[in-house]
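**Student:** This is a predicted model, with the sequence first.
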Amino acid sequence: MRNAPGCRKIRYMTSRATALVSSKESEEKIQQQLKRILASKAFQPVERLRRFLDFVVQETAAGRGEQLKEFLVGIEVFGKEASFDPRNDPIVRVQARRLRARLARYYREEGQNDDLLIDLPKGGYAPTFKHIHGGTERRSVTAALISRNTILVLPFSDDSAAGDQEYFCRGLSHEIAHVLAKVQAIRVVAADHTSLLDYEHDAREAANRLNAAMVIGGSVRKFGEIRRITSHLIDAASGCYLWSESADQKAEDSFAGQEAIAQSIRERVQAGLVDAGHGIRAQRPTENIAAYNLYLQGRHLMDQRTEEGMRRAVDVFEKAIVEDPQYANAYSGLTDAYGLLAHYGVLSPAEVWTKAASNAAWAVLLDESSAEAHTSFAHVKSTQDWDWAGAEREFQRAISLNPQYATAHHWYGISCLAPLGRLDEALEQMRVASALDPVSSIISRDIGVVHYYKRDFDSALEQCDHTVEQHPHFTAAYWILGMVQLQMGDFDESIAAFQRAIQLTPNSPRMQGGLARALATAGKKKEARRILKELHGLSGKRYVSPFELASVHFALEESDEGFQWLEKAFQDRCFELISLKVDPRFDTLKRNPRFTSLSSQLGL
């Protein structure tokens with residue numbers, strides 16, 4: 001990399017105007033911001049993108065931004081030879097898309113309050129620098145959804161004439177937080193008292209800072225031997241008062257007064273939650289510890305989304321039922337395990353239909369208040385029965401019972417809203433699920449799937465990269481990565497992604513089908529037909545989803561064979577069909593009468 005000369009001119013933009021600034025102060029700010037970004041969690045795992053960003057920023061800072069062409073970046077950043085031809089090798093364009101997405105992620109998360117924006121505009125490789133006055137104080141829709149039962153307790157203000165009630169105000173806010181923390185349906189934001197003093201006159205700002213949906217605050221006034229305590233609950237999104245009340249107490253007994261106010265606020269909050277439909281879930285866990293431990297083990301095995309894991313999960317859930325035949329969640333787990341075995345093409349849908357449906361219904365009968373049971377029942381309705389209205393009712397019922405059950409949000413988004421084409425709503429639900437279960441590999445993967453359905457391939461690619469970085473051995477992440485790269489025309493990288501998936505799960509027809517489709521789309525039809533022949537042969541030994549066979553035939557431009565296998569997929573009611581309306585793979589077929597006739601069966 002070439003060293004920048006001592007005197008440099010940097011393009012530095014404000015939110016009001018664009019200007020050329022050469023001050024040392026501006027240069028230092030850019031270098032500091034670059035250092036901050038490169039050291040962030042978003043950029044630490046991606047060395048190539050760190051090199052890319054560092055190179056283009058330094059070159060632009062040195063006044064050589066106009067020389068940043070694809071050929072130069074390929075050689076200097078990615079180590080390409082002098083024979084490098086950007087027309088045949090898209091690595092710079094692909095990595096530029098990833099860099100833009102990674103920068104967007106940084107400013108959306110860690111850098112949302114930074115006051116200098118480094119951006120890489122489309123169509124070039126020279127970054128721009130934009131000053132954001134006062135930072136970017138933002139609160140996402142997802143945060144509001146997640147924290148709708150999250151309450152921030154602000155310090156009560158001392159409005160007494162003598163100003164001698166701060167000790168009482170501090171004790172009162174601590175007592176309120178202590179009492180509310182015992183309410184299962186809500187979360188109380190833990191924050192140091194002194195850290196909130198700057199925000200006590202702006203409740204919405206405090207809530208945005210600490211990601212709370214509701215704020216409790218108030219004031220204390222003392223006149224003689226009487227204290228008047230005014231308390232209120234504020235909606236952080238709108239700034240509106242949800243309720244406000246005051247109480248007069250004798251000043252001689254501080255502890256009793258604080259406790260009485262805290263209990264009164266607790267009753268008002270609980271009543272509000274129940275009235276709003278976010279009622280406290282009536283937990284009815286099994287008293288059998290062995291059954292409970294088996295249930296947890298089954299969920300863990302199922303979350304791996306491997307054939308072995310899902311088969312073992314069935315056995316473990318059945319053992320939990322033997323331990324406690326009245327344990328609703330064990331039946332819910334068994335429903336989900338059977339369903340996923342069909343969804344991932346391990347067993348034919350016909351083998352699991354009755355088992356999944358009966359266990360789901362039994363789970364709800366055993367415990368009507370179980371969010372897990374209603375989620376399983378909803379999943380059967382959407383993926384098996386194609387009963388979209390019934391599925392949505394059950395998902396919403398599950399979420400009302402337990403807003404913090406991540407799987408309810410996850411499956412509501414990916415298996416109900418997404419197939420219906422309500423992709424923005426689906427993405428919101430997926431982000432809620434991810435916030436509730438941030439270590440889930442399948443939730444992370446499926447956020448990428450929703451971006452893929454939205455045709456936002458840059459965001460999908462960024463999410464795939466994130467999932468692979470966090471879960472490098474998660475096969476399903478490489479599947480969607482290959483699908484996204486195929487849509488973007490990055491055939492070599494798509495093929496490589498499917499090959500990596502096959503290395504992790506050599507016997508998966510879905511991964512083999514994905515590779516065959518990628519090869520066919522890339523013009524390597526001989527190799528694609530070889531894999532297709534192997535899949536047909538494999539179907540004599542185990543279940544191979546006709547949907548995968550149809551997908552490969554369509555990629556080979558063998559329309560008649562493709563529709564024959566797609567008809568078979570409808571006969572089998574294959575899980576993959578629910579995404580037919582939104583899956584980009586089928587965009588070219590949507591005006592075909594045969595496709596229209598088949599897809600109408602879904603009721604979408």
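**Tutor:** The structure has been received and is ready for your questions. Residues are numbered from 1 along each chain as shown.

**Student:** Regarding residue 474, what are the backbone dihedral angles?
**Tutor:** phi -90, psi 100 (degrees, to the nearest 10).

**Student:** Which residue is the nearest non-sequential neighbour of it?
**Tutor:** Once flanking residues are discounted, residue 474 sits nearest to residue 441: 4.5 Å by C-beta to C-beta, 6 or more residues apart in numbering. Every residue, glycine included, has its C-beta placed from N, CA and C.

**Student:** That neighbour is in contact with residue 468, isn't it?
**Tutor:** No. The pair formed by residue 441 and residue 468 falls short of the contact definition of C-beta atoms under 8 Å, at 9.8 Å.

**Student:** residue contacts, the residue lying farthest from the centre of the chain?
**Tutor:** In terms of distance from the mean C-alpha position of the chain, residue 224 ranks first, at 55.0 Å (C-alpha atoms, centre = their mean). Each residue near residue 224 by C-beta atoms under 8 Å, 6 or more residues apart in numbering is listed here: residue 251.

**Student:** ok, and the closest non-adjacent residue to residue 471?
**Tutor:** Nearest to residue 471 is residue 441, by C-beta to C-beta, 6+ apart, at 4.1 Å.

**Student:** next one: phi and psi at the residue nearest to residue 348 when sequence neighbours are not counted?
**Tutor:** Once flanking residues are discounted, residue 348 sits nearest to residue 543: 4.6 Å by C-beta to C-beta, 6+ apart. The phi/psi pair for residue 543 (degrees, to the nearest 10) reads phi -70, psi 130.

**Student:** wait, residue 543 sits on residue 344?
**Tutor:** No. With contact defined as C-beta under 8 Å, residue 543 does not reach residue 344; the gap is 10.5 Å.

**Student:** can you pull the contacts of residue 514?
**Tutor:** 479, 482, 483, 498, 501 are the contacts of residue 514 under C-beta under 8 Å, 6+ apart.

**Student:** Which one of those residues is nearest to residue 582?
**Tutor:** Distance to residue 582, by C-beta to C-beta, is smallest for residue 483 among the contacts of residue 514, at 12.7 Å.

**Student:** Mind telling me what element the nearest residue to the closest one once chain neighbours are set aside is part of?
**Tutor:** Among residues not flanking residue 483 along the chain, residue 452 sits closest, at 6.3 Å (C-beta to C-beta, 6+ apart). Per DSSP states H and E: residue 452 is located in helix 441-453.

**Student:** average pLDDT for stretch 564-581?
**Tutor:** Mean pLDDT, computed over stretch 564-581, is 93.

**Student:** repeat for stretch 445-460
**Tutor:** If you average the pLDDT values across stretch 445-460, you get 95.

**Student:** Quick check: end-to-end length of that stretch?
**Tutor:** Between the start and the finish of stretch 445-460 there is a gap of 9 Å, counting by C-alpha to C-alpha, to the nearest Å.

**Student:** How far off centre is it?
**Tutor:** 11 Å (C-alpha atoms, centre = their mean, to the nearest Å).

**Student:** Over to stretch 359-375?
**Tutor:** 25 Å.

**Student:** do stretch 166-173 as well
**Tutor:** 39 Å.

**Student:** Now it: buried residues?
**Tutor:** 168, 169, 170, 172, 173 (16 or more other C-beta atoms under 10 Å).

**Student:** returning to that earlier point: same for the helix holding residue 452, what does it pack against?
**Tutor:** helix 406-412, helix 423-436, helix 457-470, helix 475-487 (3 or more C-beta pairs under 8 Å, 6 or more residues apart in numbering; DSSP states H and E).

**Student:** Quick check: mean pLDDT of the first one?
**Tutor:** Think helix 406-412. The model assigns helix 406-412 a mean pLDDT of 95.

**Student:** With stretch 359-379 instead?
**Tutor:** pLDDT averaged over stretch 359-379 gives 93.

**Student:** what comes into contact with that stretch?
**Tutor:** 281-282, 284, 326-329, 331-336, 338-339, 380, 390-395, 397-399, 401-402, 405, 407-408, 411-412, 415-416.
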